[in-house]
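>>> coords please:
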Amino acid sequence: MPESDPDVDVANAIEETRREVKYFASDYPIETLVRRFKEDDPGEGDIYIPGYQRTMQWNNDRKSYFIESCILRIPVPPIFFYEVGGRFEVVDGSQRIRTLVQFVDNRFVLDKLEKLDVLNGFRFRDLPPSVAKRLLNSSIRTFILEEGTDETTRVELFRRINTSSQALTDAEIRKGAYQGPFLDLVLDCANRQIFVDLAPGKSTRGNRDKESERQELVTRFFIYLNYLNEFSHDVRRFLDEHLKLLNRTLQAANIEEMSAEFDSVMAFIQTYMPRAFFRAENTQQVPRVRFEAVAVGSALAMRTGANLNTEDLSWLRGAEFQQHVRTDASNSGPKLRARVGFVRDKLIGAA
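Predicted coordinates:
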């Protein structure tokens, strides 16, 4: 059997992987993007922002800066779409599209511009006609991922996109790629008031999107609770694979049971240790490793049906528990099970 040529093997591997990503590029005038987008009725717009995308995050200064770039025809980052039934779902670029629509609708005033300071205080309707036409005729490069691209490839593309100053979080990526009944449960639980109070979403990683951080925590709660012994390392892959599995297999009755268990566990934590998720008594930081230990450990203790020990919870601030929830333990299967088991055993009174 002849030996393979390494150069040919590499070239073939690259070409095979490249074919998995089917997309085409197009330059759309701003006028077309604005006209085809329907913010108030996304079911009707040819261009729409799905529910999993961030809400409007840009402040007025940043929106003004972007509009200035468009008027000057300075290249701006491209917009990524996914084609769905002939319509374009925004994958990356929702802040840019929303900004364009809001400005053309006269919903904000240009402010703090440096190069075009003469336009400070202007709305779209105040622009000279020639400048307004210049803006509407300016084009933005777009990349459209073709419909039918397999799920894994879509997720990989989402993760590689980093055209905005703040990359998509894993929770936001999952919302775009793994829609289904389990994801719906995660999104619902993440916004329940009891959970917002217990874990507002301010992580030690500096994540500015609190809602996405809570979604990440809820995803970890359900998956670690039910598949704890299967985890070895690579948190992202583990969560992705089990999220897909649960989306495919869960029935309505399962969803109701999981929802009720989530509420029961959070009610228990709120009653007996409402500050347990926080890194310290005087902060609002919720380290993921600490959340996993307390939430999953409490749930496993409650599943035993034993009378839980809530009289002495001083171990929550003790040195042994602090050692278990060091941040360098986050990607280790044995350490994950050790910190979850520590909380479970403390609550059921095991030696």
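>>> and the longest helix anywhere in the chain, C-alpha only, in CSV?
Within the chain, and with DSSP state H defining each element, the longest helix by residue count is helix 252-272. What follows is helix 252-272 as a C-alpha-only set of coordinates in CSV (Å, rounded to 0.1, in the frame of the first residue of the first chain):
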residue,chain,number,x,y,z
ALA,A,252,-43.5,17.7,28.6
ALA,A,253,-43.7,15.7,31.8
ASN,A,254,-39.9,15.8,32.2
ILE,A,255,-39.8,19.5,31.7
GLU,A,256,-42.5,20.0,34.4
GLU,A,257,-40.5,17.8,36.9
MET,A,258,-37.2,19.6,36.2
SER,A,259,-38.9,23.0,36.5
ALA,A,260,-40.5,22.1,39.8
GLU,A,261,-37.2,20.7,41.1
PHE,A,262,-35.4,23.9,40.2
ASP,A,263,-37.9,26.0,42.1
SER,A,264,-37.7,23.7,45.1
VAL,A,265,-33.9,23.8,45.3
MET,A,266,-33.8,27.6,44.8
ALA,A,267,-36.5,28.0,47.5
PHE,A,268,-34.4,25.9,49.9
ILE,A,269,-31.3,27.9,49.2
GLN,A,270,-33.2,31.2,49.6
THR,A,271,-34.6,30.1,52.9
TYR,A,272,-31.5,28.7,54.5
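>>> How far does the helix or strand following it sit from its chain's centre?
Sequence order places helix 288-303 as the next helix or strand after helix 252-272, per DSSP states H and E. The gap between where helix 288-303 is centred and where its chain is centred comes out at 22 Å by CA atoms, centre = their mean, to the nearest Å.
>>> Need the residues that contact helix 288-303.
Here helix 288-303 makes contact (CB atoms under 8 Å, 6 or more residues apart in numbering) with 199, 203, 216-217, 220-221, 224-225, 228, 261, 264-265, 268-269, 273, 276-279, 308, 316, 321, 324-327, 329-330, 336, 339-344, 346-348. Glycine gets a C-beta too; all of them are placed from N, C-alpha and C.
>>> go again using 6 Å as the cut-off
217, 220-221, 224-225, 265, 269, 276-277, 308, 325, 329-330, 339-340, 343-344, 347-348 (CB atoms under 6 Å, 6 or more residues apart in numbering).
>>> Same question for stretch 123-132.
Looking at what lies outside stretch 123-132 - CB under 6 Å, 6+ apart - the contacts are 103-104, 106, 109.
>>> With stretch 334-342 instead?
Residues external to stretch 334-342 that are found in contact with it (CB under 6 Å, 6+ apart): 293, 296-297, 324-325, 329.
>>> Let's see that with 8 Å instead.
Around stretch 334-342, the neighbours that count as contacts under CB under 8 Å, 6+ apart are 224, 228-229, 231, 289, 292-293, 296-297, 300, 320-321, 324-325, 329-330.
>>> Lowest-confidence member of the residues you listed, which is it?
Ranked by pLDDT, the contacts of stretch 334-342 bottom out at Ala329 (56).
>>> And the helices in the stretch 51-200 of the chain, which stretches?
Assigned by DSSP state H, counting those that start in this stretch, the stretch 51-200 of the chain shows helices spanning 60-72, 94-104, 129-137, 151-160, 170-177, 181-190, 193-198.
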